[in-house]
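Student: sequence? don't have it. structure:
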């Protein structure tokens, strides 16, 4: 039968739509209202020291819109104006300095596109499959194009003394969330950023200024950056000793586990993005990334890791940034055990959760970069599972 | 080359912002505090979340105990069992605690709290005094429990082998764990995982069925909300029990109150914490909760007859520091009127 959407003149094809300025700063159309950050309330005791998750199951490409990029605060997202903003560099420097926001705007700018992944991304999955949907299992991640000043330029302005081996970055919020970073990294690719995806940072991501630490765990990307101290040793703050350290089976713990290793996840199909169209052509889409460089290859398995085929990398694979992969298959309607596996330019191949558990034991919840399994049923519904 | 931007940081400014304390004692300020004082300060400023004995209430961090548990299936990571450096305890309390009132603990109070926490962990006697003089003599039990990231040696070689592409495992996959069985994922009203993409195909089918049956244009379909199915809605919705606005407001208030809950307790076993417990507050005179040490400005206002009616609570909640000049309540305020109304509605359900 003819489709009335085609044969009949629809309202939108006859009457006016919204005028310009209906939304001077636009938000997504109402049909996309499900594409939002979501939290898991039982995870934390207070929503001001908590986390939510990027809806990666509903996004494509690699750039995460700021409005749905996940948030992690330790004492809530503060409102700090550009006028009230100050950045101090002190410690083992020739001249301790204070910069205003306008001072920062007068330094030569650089750009970098980088993923920010929380060290705890996937942590709830370490003990076994727990949450339904890649938003919850791998959604503590976002990827933005930043503009700012390389930290090394600001450090040079103050003049780092030879005995200055570490920097300590802290925020202006009540938690301050200070983290130590070795000088080699600080002088390499760390950036003091004030634009993301073409506009000012959002409040929840550290407006007006945050630290960008490509490839390293998100907790180090200090928001509302207010001070860079230069020291001869690590400060060993709360966030780098009691938290964000990795307890091993012998009862000792790894510290300074900064790099986020190669990882990937299929974003559709996934539990929040089941297959509704039945058998036939099916687009498998996913994200891959590595804190050690570029993703060079992504493999996809339909049978739980028995056999693998190479997926297409769609667009450019950038170092320490999200990379999109696709695999187009003809689905015969039978059940699948979908997995993806990233390989980076160092030759590192994303391991299974069990391979990681063999080394790290069961109490090691941070830095889970194990392979994710989605069980696709014949009816197209998808479950988060572990398999043997 | 330097651009000459920025200005020299002044000593007073550096002193105000550089409060970092390092494991070797760098950054410690002169001062001292003993276990006894620490216990009092801890009870006043910390126990609302961490418990009188640093045992941790609800899911707030446990600060004492847990010795020897680091190889257990459920390790208890405390200052005594896990933290490597005493400097971290001092640094964190002094700069970031109490939660919601950071930077309100003085140097001497910080030494005292740290002394009390050492005592709670059985590491010093009850007559112990901690100061900048003896600080670095204290070595925490797990000082040697950490080593720098060794993944490049312990993991990378084994994961750099060439990836298997075919016949990599025997037999068919067998499901060993299913997330659905734990049932801890947030859900949408239809029971599906929260945020599940709408079923475009079903919506289109419903729309064309609707169009065929009634010959009304398709734009009548509620596209934003696939459930309930088009055409079935009006009668069902009218028959469904609707939550009264009060209940909704109370439920909304319960959520907003989480911002307050670090300092204020409500309900049956509510005790005073950083702030007074808030049972039986709405509609009652201010400054009357037994056993709570109010600030002088609040007591003065109570003396003048301040009653926590809705208007007063709205003012307080909007901007506590403006309403009570000099209040100990270090909360930025609830800017949205509906949030304030919701919290007040929630609090009014706790009457004795």
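Tutor: Everything's here; your move. Just so we're clear, the structure is a prediction, and the values are computed from it rather than from any experiment.
Student: Quick one: end-to-end distance for stretch A:161-179.
Tutor: Chord length of stretch A:161-179, first to last residue, is 20 Å (C-alpha to C-alpha, to the nearest Å).
Student: Quick one: mean pLDDT for stretch A:182-202?
Tutor: For stretch A:182-202, mean pLDDT rounds to 98.
Student: How about stretch B:60-79?
Tutor: Here the average pLDDT along stretch B:60-79 is 95.
Student: now swap in stretch A:3-16 and tell me
Tutor: Rounded mean pLDDT across stretch A:3-16 is 96.
Student: hmm, stretch B:78-87 touching chain A?
Tutor: Yes: residues of stretch B:78-87 contacting chain A under C-beta under 8 Å from any C-beta of the partner chain: B:79, B:82, B:83, B:84, B:85, B:87. For every residue, glycine as well, the C-beta is placed using N, CA and C.
Student: Could you chop chain A up by domain?
Tutor: Following automatic domain parsing, one gets these domains for chain A: A:72-254, A:263-385.
Student: can those go into TSV with extra columns for mean neighbour count and distance to chain B?
Tutor: Output for the domains of chain A, formatted as TSV (neighbours: other C-beta atoms under 10 Å in any protein chain shown; distance: least, C-beta to the nearest C-beta, whole Å):
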stretch	mean neighbour count	distance to chain B
domain A:72-254	21	4
domain A:263-385	20	3
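Student: all strands for the stretch 1-150 of chain A, in order.
Tutor: Using DSSP state E, counting those that start in this stretch, the strands of the stretch 1-150 of chain A run over A:50-51, A:72-73, A:86-91, A:97-100, A:110-117, A:141-150.
Student: which residue does the stretch 251-352 of chain B bring closest to chain A?
Tutor: Residue of the stretch 251-352 of chain B nearest chain A, by C-beta to the nearest C-beta: residue B:258 (5.3 Å).
Student: isn't that residue right next to residue A:50, touching?
Tutor: No: judged on C-beta atoms under 8 Å, residue B:258 makes no contact with residue A:50 at a distance of 9.3 Å.
Student: the more surrounded of the two?
Tutor: residue A:50 (18 against 15; other C-beta atoms under 10 Å in any protein chain shown).
Student: Just the pLDDT for the residue of the stretch 251-352 of chain B closest to chain A.
Tutor: Value listed for residue B:258 in the pLDDT field: 77.
Student: Can you classify it by secondary structure?
Tutor: Three-state call for residue B:258 (DSSP: H, G, I helix; E, B strand; the rest coil): helix.
Student: burial count for the closest residue to it other than its chain neighbours?
Tutor: Using C-beta to C-beta, 6 or more residues apart in numbering or on different chains and skipping residues adjacent in sequence, the residue nearest residue B:258 is residue A:47, 5.3 Å away. As a burial measure, residue A:47 scores 17 neighbours (other C-beta under 10 Å).
Student: can I assume residue A:47 is in contact with residue A:39?
Tutor: Yes: if you go by C-beta under 8 Å, residue A:47 and residue A:39 touch, sitting 7.3 Å apart.
Student: quick one: contacts for residue 80?
Tutor: No chain was given, so I picked chain A. A:172, A:207, A:208, A:224 (C-beta atoms under 8 Å, 6 or more residues apart in numbering or on different chains).
Student: switch to chain B, that's the one I care about
Tutor: B:64, B:65, B:66, B:67, B:120, B:121, B:122, B:123, B:140, B:141.
Student: which among those gets closest to residue A:265?
Tutor: Comparing the contacts of residue B:80 against residue A:265 with C-beta to C-beta places residue B:66 closest, at 33.9 Å.
Student: show me what contacts that closest one?
Tutor: B:75, B:76, B:77, B:78, B:80, B:81, B:82.
Student: Look at it and give its secondary structure.
Tutor: Classified using three-state DSSP, residue B:66 is coil.
Student: From residue A:86, how far out is the closest residue to residue B:31 other than its chain neighbours?
Tutor: Nearest non-adjacent residue to residue B:31, counting by C-beta to C-beta, 6+ apart: residue B:107, 4.1 Å away. Using C-beta to C-beta, to the nearest Å, residue B:107 is found at 23 Å from residue A:86.
Student: Just the terminal-to-terminal distance for stretch A:36-47.
Tutor: 17 Å.
Student: Just the buried positions in it, please.
Tutor: A:36, A:37, A:38, A:39, A:40, A:43, A:45, A:46, A:47 (16 or more other C-beta atoms under 10 Å in any protein chain shown).
Student: Flag the least confident of those residues.
Tutor: Where pLDDT dips furthest among the buried residues of stretch A:36-47: residue A:45, at 85.
Student: which residue ranges form the helices in the stretch 101-250 of chain A?
Tutor: Taking DSSP state H, counting those that start in this stretch as the test, the helices found in the stretch 101-250 of chain A are A:101-105, A:134-138, A:151-158, A:183-186.
Student: Distance to residue B:209 for these - can I get that in JSON lines?
Tutor: Below are the helices of the stretch 101-250 of chain A laid out as JSON lines (distance: least, C-beta to C-beta, whole Å):
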{"stretch": "helix A:101-105", "distance to residue B:209": "58"}
{"stretch": "helix A:134-138", "distance to residue B:209": "31"}
{"stretch": "helix A:151-158", "distance to residue B:209": "60"}
{"stretch": "helix A:183-186", "distance to residue B:209": "60"}
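Student: right, so of those, which gets closest to residue B:306?
Tutor: helix A:101-105 (40.8 Å).
Student: Please work out which residues outside that closest one touch it.
Tutor: Looking at what lies outside helix A:101-105 - C-beta under 8 Å, 6+ apart - the contacts are A:82, A:83, A:85, A:87, A:148, A:149, A:192, A:194, A:208, A:209, B:5, B:6.
Student: tell me which of these is nearest to residue B:149?
Tutor: When the contacts of helix A:101-105 are compared against residue B:149 (criterion: C-beta to C-beta), the nearest one is residue A:192, at 24.8 Å.
Student: shouldn't the closest one be in contact with residue A:206?
Tutor: No: Residue A:192 lies out of contact with residue A:206 (C-beta under 8 Å); the separation is 10.6 Å.
Student: Could you tell me which residues touch both of those two?
Tutor: What both residue A:192 and residue A:206 touch, as defined by C-beta under 8 Å, 6+ apart, is the set residue A:225.
Student: hang on, the earlier thing: and which of the contacts of helix A:101-105 is nearest to residue A:290?
Tutor: Distances from residue A:290 to these, taken by C-beta to C-beta, are shortest for residue A:148, at 22.5 Å.
Student: and residue A:54, how far is that from residue B:194?
Tutor: Residue A:54 is 13 Å from residue B:194, by C-beta to C-beta.
Student: no no, residue B:15
Tutor: Counting by C-beta to C-beta - residue B:15 and residue B:194 are separated by 48 Å.
Student: Output the domains of chain A in CSV, with distance to residue B:36 appended to each entry.
Tutor: CSV is the format used below for the domains of chain A (distance: least, C-beta to C-beta, whole Å):
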stretch, distance to residue B:36
domain A:72-254, 26
domain A:263-385, 36
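Student: Between residue A:54 and residue B:194, which has more neighbouring residues?
Tutor: residue A:54 (26 against 21).
Student: hang on, the more buried one packs against residue A:37?
Tutor: Yes: the pair residue A:54 / residue A:37 is scored as a contact, 6.5 Å apart, by C-beta under 8 Å.
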